[in-house]
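Student: A structural model of the following input is requested.
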Amino acid sequence: MGEGEEAGAILRVSQALGIFYLGTGRSQGARTGGGTRRVLVTISWLLLCLLAIPDLRENEAMAKPRRQQGILTGMPFMANLAPRTFVDALGRKIYLAKAPIRIVSLAPSLTETLYAIGAGDRVVGVTPFCNYPQEAQAKPKVGYVRPNLESILALQPDLVVSPLEVLRGDSLEKLERLKIATFLLQTKTLEDIFSQIQTVGRIAGHSAQADRLATDLRTRVAELRAKTNGLPRPRVLYVLNTEPFITVGPGSFIHHLIELAGGANVATSAGAPYPRLSIEAVLSEDPEMIIFPVGEAEGIPEAEQHRWRRWTTLSAVQREQFYQIEADLLNRPGPRIVQGLEALVRILHPDVLDAPASS
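Tutor: Okay, here's the model as predicted:
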């Protein structure tokens, strides 16, 4: 073997074992003793490589059982082991060996979904706002927008499920470093909600229940759409927050619900899912109805609702068209969303639910 071939062989073996071969250049004039030094270096590297081989074999043997024990890791090496693969809202591939049995939910809508598909017994941690069903209120609380990672870790979850807007940045990175599998979801339309119910069902091993629920919800929506089709569309302002004033626009599922219920969202041209509108923009659009979400956990207080009456030029103010809707039903993209849609239809078109569906 020539000098170049010998060095190349050592380099390849060293790289294969994760060892870097560090060589030093020498000038043509520095030849004395070079052969001896080269042989010594070669022998030293070969010895290191030979000594490393048993350790590598031992590490590989030890690693195999650990890989098979994972439930849901999100690591590429699970690709050949996992029978199911899921892609979350960030495009991250999650590989599962079996359904997780300890789940932390970081949103009321996801908690409701897990209970609705029969997987409530697998929920081990929730947010302070997870108030439905009643059993969920007894679960350990782990925070919301900034979840307590120590609390999550203490619950030893197999999986954390969260909306994309709740868990991101440092919190997500820390969970990944702790090897806690995390699945993120994002909701833009009503269909997204039904698809997510089915996805969560497959993840939790409750596909049949989730599919039945999603099918039932889709059927009820189709019936409501048939009833509101062709009706006049009143201009609607939905007050999601007052200070600062935030409403809903295209790209939000509530905007989609307003349209399905037979209304015209005055923030359609805002170009953002949850835009901040100036009062000048609201006055210009002149809503005929103003709707406020209300509830114990979230909603617009009565005092803030009353302040809207000072804008006396608004059609909604002149006609006393102020309405309240249960925030838990309309603001949560979960299995009770069709109840929220029905409540919205009763506000916009009070008599339509009592009339037969149009053909």
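Student: the helices in the stretch 101-250 of the chain, which residues?
Tutor: With DSSP state H, counting those that start in this stretch, the ranges of helices along the stretch 101-250 of the chain come out as 108-116, 149-154, 170-177, 190-204, 207-228.
Student: can you put those in a markdown table and add mean pLDDT?
Tutor: Supplementary listing: the helices of the stretch 101-250 of the chain in a markdown table, determined by pLDDT from 0 to 100:
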| stretch | mean pLDDT |
| --- | --- |
| helix 108-116 | 98 |
| helix 149-154 | 94 |
| helix 170-177 | 89 |
| helix 190-204 | 97 |
| helix 207-228 | 97 |
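Student: okay, those, which one's buried deepest?
Tutor: helix 108-116 (a mean of 26; mean count of other CB atoms under 10 Å). Where C-beta positions appear, they are placed from N, C-alpha and C, glycine not excepted.
Student: now do that one: distance to the chain's middle.
Tutor: Relative to the chain's own centre, helix 108-116 is displaced by 13 Å; criterion: CA atoms, centre = their mean, to the nearest Å.
Student: quick one, strands of the chain?
Tutor: Counting by DSSP state E, the chain has strands at residues 84-87, 93-96, 103-105, 123-125, 159-163, 182-185, 235-238, 264-265, 289-294, 322-326.
Student: helices and strands around the third one, which ones?
Tutor: What it means is strand 103-105. helix 108-116, strand 123-125, strand 159-163 (3 or more CB pairs under 8 Å, 6 or more residues apart in numbering; DSSP states H and E).
Student: ok, it: who's next to it in the sheet?
Tutor: strand 123-125 (parallel), strand 159-163 (parallel) (DSSP bridges).
Student: pick the most buried one from those.
Tutor: It is strand 159-163: most buried of the strands paired with strand 103-105 by mean count of other CB under 10 Å, with a mean of 24.
Student: got the CA positions of that one in PDB?
Tutor: Only the C-alpha atoms of strand 159-163 are listed here, as PDB (Å, rounded to 0.1, in the frame of the first residue of the first chain):
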ATOM      1  CA  LEU A 159     -47.100  12.800  24.200                       C
ATOM      2  CA  VAL A 160     -47.900  16.500  24.500                       C
ATOM      3  CA  VAL A 161     -50.600  17.900  22.200                       C
ATOM      4  CA  SER A 162     -50.900  21.600  21.600                       C
ATOM      5  CA  PRO A 163     -52.100  24.300  19.200                       C
END
